[in-house]
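1. any chance you can model this:
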Amino acid sequence: MKPRAILLSVVLSAAAACSLGGGMVSLGNGPSPLAAAGTTAGTTTNTGGSDTMTGNGATSGLNVGDADTLPVPCPDGTKTTVSGTVWDPAGLVQLYNAVVYVPVEGATPSFEDQVACERCTDPVPAMAYALSGPDGTFTLDQDVPNKTHITLAVQLGKWFRQTTVPITPCQSNPLPGSDYTRLPRNKNEGHIPKIALSTGHSDALECLLRKIGIDDSEFTTDAHDGRVNLFVGCIGDAPSSTVPGRYGTNKFMSGEAFPSTNKLFDPDPGTLNNYDVVIFSCEGHKCADTGDSPNPIQTPAHLGQLADFANHGGRVFLDHEHYNWLNHSPDKIKSAAQFDHSDPIASPLPTQINTLFPKGDDFAKWLFNVGASTTQGTLNIYSGQLSASAIDPNRAQSWIFHSAPDDFVYFTIGTPVAILDGTPAPEACGRVVFTDLHVSKSGGGTSDDMSDQDFPFPTGCNKNPLSGQEQALEFMLFDLSSCVQKETAKPTVVVK
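-> Reported below is the predicted structural model:
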């Protein structure tokens, strides 16, 4: 099992060998302005299936120009710098905490579709590097090669895209638009984490993935090679459901049916462990093994499997009533939070961002920068829920809460959690997100997106701009995908 994402498999030829000093850079909050629209960049080529990215040839945009362009000496007092903004795949929303770097010549990233730890202490083989700030901006101002073209990599966890960028040596090079610095929309542009998404009629997170820019071609069943595999939750709701007999979108327009979410938990061939991220979209009920659900998913065995997946590096996104995966887990993660049955809350409900830790403070700035909040440090929630009544600060990190200190709307859990109360947690390997935010009107949210059995995917999705609530959820999804660190620490990147 190989380390995930930011740990790159480095192949250096003797001719390309160089001596790099170790280093670490902290996330800066520089005022670099957002770039305007620009020109078309080269894209990456996938040459070894969806798991391995290698550079080859002029049309791929990988490692082009470096080999046949000699460095030029810069006059005293001048140097080559590159700046820009990191964007989501759609090129519409700037992204926080992405690593932007010029790779060491010959470095080739290698990814596996297999659950594994991916920590922020894993080194990046970079000669110039930076982290994007709360406004998405970055500046490479040290050790940028003085050449007419450079290879530029943008990475956020297992999201990876690499392009060849024309620059002018010995001066500042602001990159226009998003062409060079957005994340990939499909596997031919770079690498996308392997995502499993379970649909439910009370939210439409599959539509959110489309809005952030993932191409429709990447949404498939697990029988095909799309990077987002769709599964359907409970077939027929429990009699106690507020919408009896309804379930989420369960097929494509072609008529191909989604497999049941239960398939994720098949012990042979260990389907769940072939994914990096698992997303559970709200179903309006727990789909638990209580005797009144015709197709229970949250069985005791499955509860243990999901906890084991998270403990070994998996990323889990739990939407509203999927808190039952935590509430009844046989793992100690059960102690991370306490939940009550919740009813819809008044809209809009003003909530606060926890700014008492660095990433939370940056989250508040990011929400303000993208226009999701009009007052920094706050976020209005529409038709949300208040399910969590308490969290254990030794096992969970609060991000969004109501004015009452015990009303938690969004929190994260580094996994595995501490076994004994009040003792330090082991070094985190995986991550779990819990949120009571919805995006779909069928779940009481603010979007017209809907997930329903009568609407084959993607006919229930619209192309409306992201709402503030959806932007907050986009942040959560990309933060969930990023490398794992102590939540209270300031983001850093380590280089060789």
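2. need the contact list for Asp215.
-> Contacts of Asp215 were listed using CB atoms under 8 Å, 6 or more residues apart in numbering, and they are 185-186. Every residue, glycine included, has its C-beta placed from N, CA and C.
3. and it, how close does it get to Phe401?
-> When distance is defined by CB to CB, to the nearest Å, Asp215 is 36 Å away from Phe401.
4. can you give me the strands for the stretch 251-400 of the chain?
-> In the stretch 251-400 of the chain, the segments counted as strands under DSSP state E, counting those that start in this stretch are 277-280, 315-319, 337-339, 349-353, 378-381, 388-391, 397-401.
5. now the last one against strand 349-353, angle please.
-> With axes from the mean of the first three to the mean of the last three CA atoms, to 10 degrees applied, the angle from strand 397-401 to strand 349-353 works out at 150 degrees.
6. and strand 397-401, which strands flank it?
-> On the basis of DSSP bridges, the sheet neighbours of strand 397-401 come out as strand 349-353 (antiparallel), strand 408-415 (antiparallel).
7. how about a markdown table for those, with mean neighbour count added?
-> As requested, the strands paired with strand 397-401 are arranged in a markdown table below (neighbours: other CB atoms under 10 Å):
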| stretch | mean neighbour count |
| --- | --- |
| strand 349-353 | 20 |
| strand 408-415 | 25 |
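8. what's the closest of those to Ser281?
-> Proximity of the strands paired with strand 397-401 to Ser281 was assessed by CB to CB; the nearest stretch is strand 408-415, lying at 15.8 Å.
9. related to what we said a few turns ago, of the strands of the stretch 251-400 of the chain, which shows the lowest average pLDDT?
-> Set side by side, the strands of the stretch 251-400 of the chain show their lowest mean pLDDT on strand 337-339, which sits at a mean of 69.
10. tabulate the strands paired with strand 397-401 (TSV), appending distance to Ser481.
-> As requested, the strands paired with strand 397-401 are exported to TSV (distance: least, CB to CB, whole Å):
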stretch	distance to Ser481
strand 349-353	20
strand 408-415	12
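11. could the strands of the stretch 251-400 of the chain be laid out in JSON lines, adding distance to Trp325?
-> Below are those laid out as JSON lines (distance: least, CB to CB, whole Å):
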{"stretch": "strand 277-280", "distance to Trp325": "7"}
{"stretch": "strand 315-319", "distance to Trp325": "6"}
{"stretch": "strand 337-339", "distance to Trp325": "11"}
{"stretch": "strand 349-353", "distance to Trp325": "23"}
{"stretch": "strand 378-381", "distance to Trp325": "22"}
{"stretch": "strand 388-391", "distance to Trp325": "13"}
{"stretch": "strand 397-401", "distance to Trp325": "18"}
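12. so which of those strands gets nearest Asp122?
-> Comparing these against Asp122 with CB to CB, the closest turns out to be strand 315-319 (15.8 Å).
13. re the thing from before, looking at the strands paired with strand 397-401, which is closest to Trp366?
-> For the strands paired with strand 397-401, distance to Trp366 was read as CB to CB. The smallest value, 9.6 Å, belongs to strand 349-353.
14. and the strands paired with strand 397-401: which comes nearest Arg227?
-> Nearest to Arg227 among the strands paired with strand 397-401 is strand 408-415; the distance by CB to CB comes to 23.0 Å.
15. tilt between that closest one and strand 315-319?
-> Going by the same axes, to 10 degrees, strand 408-415 makes 160 degrees with strand 315-319.
16. residues near Phe457, how many?
-> A total of 24 residues lie near Phe457 under the criterion other CB atoms under 10 Å.
17. pLDDT at it, what is it?
-> Each residue has a pLDDT score; the one for Phe457 is 94.
18. low-scoring stretches of the stretch 301-450 of the chain, by residue?
-> Applying pLDDT under 70 to the stretch 301-450 of the chain picks out residues 320, 322, 339, 341-347, 383-384, 388, 403-408, 440-447.
19. wait, Cys117 sits on His312?
-> Yes. Counting by CB atoms under 8 Å, Cys117 does reach His312; the two are 7.4 Å apart.
20. any shared contact partners between these two?
-> 429-430.
21. burial count for Thr492?
-> When counting by other CB under 10 Å, one arrives at 15 neighbours for Thr492.
22. just checking, it touches Cys120?
-> Yes. Contact between Thr492 and Cys120 holds when scored by CB under 8 Å: they sit 6.5 Å apart.
23. joint contacts of those two?
-> Shared between the contact lists of Thr492 and Cys120 (criterion: CB under 8 Å, 6+ apart) are residues Gln485.
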